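Trainee: Sequence and predicted structure below; questions after.
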Amino acid sequence: MFKQFKTKNLFFCAALGINAQNADEWSKYAEKQMRGDRSQSKIEMTIKTPNWERTLEIDSDVEGKNLALSTITSPAKEKGIRTLRIDNNMWNYFPKLKRKVAVSSSMLLASWMGSDFTNDDILKASSMAEDYQHKFLPNKKLNGKDYRVIENMAKTNAKVMWPKIVTYASPTDCLPRQYHYFDKENKLKRVLTMDEIKNFDGHKVPSFWTMQPQDDFKKKTTIKYKTMSFKTKFESQHFTQKNLTDY
Amino acid sequence: MKQLFPIFFLFITTPLMAEVKSEFSGNVEVQARHSINNDEAKEAPLLQEWNQEQFYLAYGNINGKFDFGNSRFETNVFGRYSQSNLYQDQTPSPNYIAPQIFSFPNRLVAREVAKLSQQDEGDNYRSEMILNKMYYEWSYEEHRFMFGRIYINYGGGEIFNPINPFNQPTGLTSISQVAQGNDGLNFTFYKSDNHTINFYFLGDKSLQGYEGQIDKTLWAHGEFQFSEKLQFDYVIGEDQRRHKVGGQARYSLSESMIFLQTLYQTAYTDDLNEVESHHLWDLMLGYDQQITNKWHLRAEGGHQKKNKFASLTSINDRFLPTEYFIAIANQYEIHPLVKLGGTIINDVKTGFTYFITRNTYSFAKSSEVEIFAYLPMAKGSDIENQAQKLVTTDVGLALRTFF
């Protein structure tokens, strides 16, 4: 009977209760858990190829959808490089030369420090819940596991990098396990896999992410959330030009 | 060198004196370059009579930063050693200019009152050590005050950045990890989220050979975010005995950014030492776009009025040897460790064209190797522009590491 229940796309997800049949609610729930109103994280990013790997450590501060500040804390070559985003304006700051550089919004799609993540991913410039329209697709089984599948199509006025993202969410905790990113030609460009759910300040967050570009399977980038706080209160001057240049 | 000892003492003992958060960082780079001279540079009046030479360069920075309360003390020691037969004495003909180009910026302090440096020259080498940054900073709410030798780094131009005379852009040079210091004080007022104003009061003895008076600089630079897409920078003041006024407008398009800079400089405001001068003006239009996630494009074009009284044998101020120019710079990441860069510059008035390629390979945790080449592609037709004849053909290798 349960099999029949699943095939009718009626997964029961306790966290969402009666909203489990609303694709918007799945998206909102995931964003509330993983992003919250604000967050402060310490991230370890590793870029891997068959022959080498490189690790960067980053402090990431995010307030709502419009404010973000990231600081590289290791290795020495990039240490101190900061990026501030206020709405759609972005600045990089290079403390060794005291140089602040305004960057165009097209830089949001740029590879972040040679990784498979973009500035948009690191600075959390787009919101899956607000910038996309959501609808369920038929459930799918991937690697022997069942997933609730949600198609997220960019709203016409949304300033986002990806016109279409497909979410594969766990039916047990309602959290996404994979995002599939499609370009304007509806070609799958990259897959983000999220594992190791941890509880940070009452928020359930996948703490280990793997970004796999679809045009180069020899290369991938992983992100490990070492710490994450959703209770941090940022000072009023935290996301400002002054603080950006105060490193 | 004696001047440096008290500073080193302060540098080392400050962390012991108070609750201080300290941080040290730096980099070291070595370069080897093979250079081929331009035949036209060998003729009068330039008399650069050499054919092919090797040029070796090693330079590095050690930066120390100490934070205590709302205050900060920061200093940077820059050291450079260069070796080449081009340093050999050529009396009575003029000194060879190529080493000045290869090691640009030669002046590590743009506005200099105190000579906090040690220099040594031999038959075929030149070495120097300089404190090119050393300041005290006090920061409180929306104000910041700095005193000492400071970096002044603003403006969107990477190849030509006329609104900032206090730090020459190094987009075309082979030295990248350096900024110029400036002696004086800076007050920054963060008026609002959209408006920041910087006031500078600087001194300089270099304009008259360090023997005369201190030339003052009174300068204001503001950044005003007019709308989400439009930002203005404005500059106005007196600097090196000229009145200067200018600005930058930057407009963000959906997938790119354009910016326009201009600066007007009057002739010298006095006739001290009866130095001749005339007014100068510069204009620059820039475009910046991230075309794909691996490919970055930057284009800059503009005009710098030629200073007919500037010395041919001194490359202290501007590196760009063109009057009217278009430059297109591409950078492409073919692998997370490998970046290819190519810049082509054309003087639209003379036809002079110059290509620079810089390709880096990262290895270990914080090291990289760079292969670079500077290639004149087309000779300029304007014999008046002697600076273009000084451009040599170079290939080189650099190894740099950060700590």
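Mentor: Ah, there it is.
Trainee: the helices in chain A, which residues?
Mentor: Taking DSSP state H, the helices of chain A run over residues A:2-7, A:23-34, A:119-123, A:128-131, A:241-244.
Trainee: then the third one to PDB, C-alphas only?
Mentor: Put plainly, it is helix A:119-123. Provided in PDB are the C-alpha atoms of helix A:119-123 (Å, rounded to 0.1, in the frame of the first residue of the first chain):
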ATOM      1  CA  ASN A 119      30.300  34.000  -6.700                       C
ATOM      2  CA  ASP A 120      26.500  33.600  -6.700                       C
ATOM      3  CA  ASP A 121      26.800  30.400  -4.700                       C
ATOM      4  CA  ILE A 122      29.200  31.900  -2.100                       C
ATOM      5  CA  LEU A 123      27.400  35.200  -1.700                       C
END
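Trainee: what does it rub up against?
Mentor: Defining contact as C-beta atoms under 8 Å, 6 or more residues apart in numbering or on different chains, one finds that helix A:119-123 is touched by A:58, A:60, A:62, A:68, A:70, A:83, A:85, A:90, A:107-110, A:112, A:125-126, A:160-161, A:211. All C-beta atoms are positioned from the backbone trio N, CA, C, and that covers glycine.
Trainee: same question, the fourth one
Mentor: When contacts are defined by C-beta under 8 Å, 6+ apart, helix A:128-131 is touched by residues A:24, A:27-28, A:30-31, A:65, A:152, A:154-155, A:158-160, A:165, A:167.
Trainee: sorry, back to before: need the winner for burial among the helices of chain A.
Mentor: helix A:119-123 (a mean of 22; mean count of other C-beta atoms under 10 Å in any protein chain shown).
Trainee: per-residue confidence averaged over that one?
Mentor: Averaged across helix A:119-123, pLDDT comes to 81.
Trainee: Stretch A:235-245 now?
Mentor: Average pLDDT, stretch A:235-245: 91.
Trainee: quick one: terminal-to-terminal distance for it?
Mentor: Using C-alpha to C-alpha, to the nearest Å, one end of stretch A:235-245 lies 15 Å from the other.
Trainee: Now for the closest residue to A:V149 other than its chain neighbours: which residues touch it?
Mentor: Nearest non-adjacent residue to A:V149, counting by C-beta to C-beta, 6 or more residues apart in numbering or on different chains: A:L137, 4.2 Å away. A:L137 is in contact with A:149-151, A:166, counting by C-beta under 8 Å, 6+ apart.
Trainee: Pairing partners for the top strand by length along chain A, with directions?
Mentor: Longest strand in chain A, counting residues (DSSP state E): strand A:188-200. According to DSSP bridges, strand A:188-200 forms sheet pairs with strand A:176-182 (antiparallel), strand A:203-213 (antiparallel).
Trainee: mind listing what residue 28 touches?
Mentor: Answering for chain A, as no chain was given. For A:K28, the contacting residues are A:A129, by C-beta under 8 Å, 6+ apart.
Trainee: wrong one, chain B
Mentor: B:58-60, B:400-401, B:403.
Trainee: Turn those into CSV, including neighbour count, pLDDT and secondary structure.
Mentor: Below are the contacts of B:V28 laid out as CSV (neighbours: other C-beta atoms under 10 Å in any protein chain shown; pLDDT from 0 to 100; DSSP: H, G, I helix; E, B strand; the rest coil):
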residue, neighbour count, pLDDT, secondary structure
B:A58, 16, 96, strand
B:Y59, 20, 96, strand
B:G60, 19, 96, strand
B:R400, 20, 95, strand
B:T401, 19, 96, strand
B:F403, 16, 93, coil
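Trainee: any idea which of the residues you listed is the one closest to chain A?
Mentor: Distances from chain A to the contacts of B:V28, taken as C-beta to the nearest C-beta, are shortest for B:F403 (5.1 Å).
Trainee: which residues in the stretch 301-403 of chain B form strands?
Mentor: B:324-335, B:338-347, B:353-363, B:367-378, B:393-402 (DSSP state E, counting those that start in this stretch).
Trainee: Distance to chain A added to those strands, as TSV?
Mentor: Below are the strands of the stretch 301-403 of chain B laid out as TSV (distance: least, C-beta to the nearest C-beta, whole Å):
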stretch	distance to chain A
strand B:324-335	6
strand B:338-347	8
strand B:353-363	8
strand B:367-378	8
strand B:393-402	4
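Trainee: got these as a markdown table, with distance to A:E235 columns?
Mentor: Formatted as a markdown table, those follow (distance: least, C-beta to C-beta, whole Å):
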| stretch | distance to A:E235 |
| --- | --- |
| strand B:324-335 | 36 |
| strand B:338-347 | 36 |
| strand B:353-363 | 35 |
| strand B:367-378 | 36 |
| strand B:393-402 | 30 |
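Trainee: how many other residues sit next to residue 138?
Mentor: As the question left the chain open, I've gone with chain A. 8 (other C-beta atoms under 10 Å in any protein chain shown).
Trainee: if you could check chain B rather than the one you did, that'd help
Mentor: The burial count assigned to B:W138 is 13, neighbours taken as other C-beta under 10 Å.
Trainee: hey, what's A:K42 bridged with?
Mentor: A:D59, A:T227.
Trainee: And for B:R144?
Mentor: Counting by DSSP bridges, B:R144 is bridged to B:S139, B:T188.
Trainee: follow-up on the earlier one: may I ask which of the contacts of A:L137 has the most neighbours?
Mentor: Busiest of the contacts of A:L137 [other C-beta under 10 Å] is A:I150, holding 23 neighbours.
Trainee: May I have the residues that are in contact with the residue nearest to that one when sequence neighbours are not counted?
Mentor: Among residues not flanking A:I150 along the chain, A:T167 sits closest, at 4.3 Å (C-beta to C-beta, 6+ apart). By C-beta under 8 Å, 6+ apart, A:T167 lies in contact with A:26-27, A:30, A:128, A:149-152, A:176, A:178-179.
Trainee: Report the contact partners of residue 161.
Mentor: Looking at chain A here, since you left the chain open. By C-beta under 8 Å, 6+ apart, A:M161 lies in contact with A:108-109, A:118, A:120, A:126.
Trainee: nope, chain B please
Mentor: By C-beta under 8 Å, 6+ apart, the contact list for B:N161 reads B:155, B:168-169, B:261, B:284.
Trainee: Spell out which residues of chain A are next to chain B.
Mentor: Within chain A, the positions near chain B by C-beta under 8 Å from any C-beta of the partner chain are A:47, A:49, A:52, A:54, A:75-80, A:86-89, A:96-107, A:109-111, A:114-115, A:118, A:159, A:219, A:237, A:240-242, A:246.
Trainee: are any of those buried, and which?
Mentor: Burial by neighbour count, 16 or more other C-beta atoms under 10 Å in any protein chain shown: within those this picks out A:47, A:54, A:75, A:77-80, A:86, A:89, A:96-107, A:109-111, A:114-115, A:118, A:219, A:240-242, A:246.
Trainee: what about the residue in the stretch 151-300 of chain B that chain A sits nearest to, neighbour count?
Mentor: With C-beta to the nearest C-beta as the measure, B:M257 is the residue of the stretch 151-300 of chain B nearest to chain A, at 3.5 Å. Counted with other C-beta under 10 Å, the neighbours of B:M257 add up to 23.
Trainee: ok, now the one 5 residues further on?
Mentor: A count of nearby residues for B:T262, using other C-beta under 10 Å, gives 18.
Trainee: and the buried ones among the residues of chain A next to chain B, which of them are in strands?
Mentor: Under the assignment DSSP E, those contribute A:47, A:54, A:86, A:89, A:99-103 to strands.
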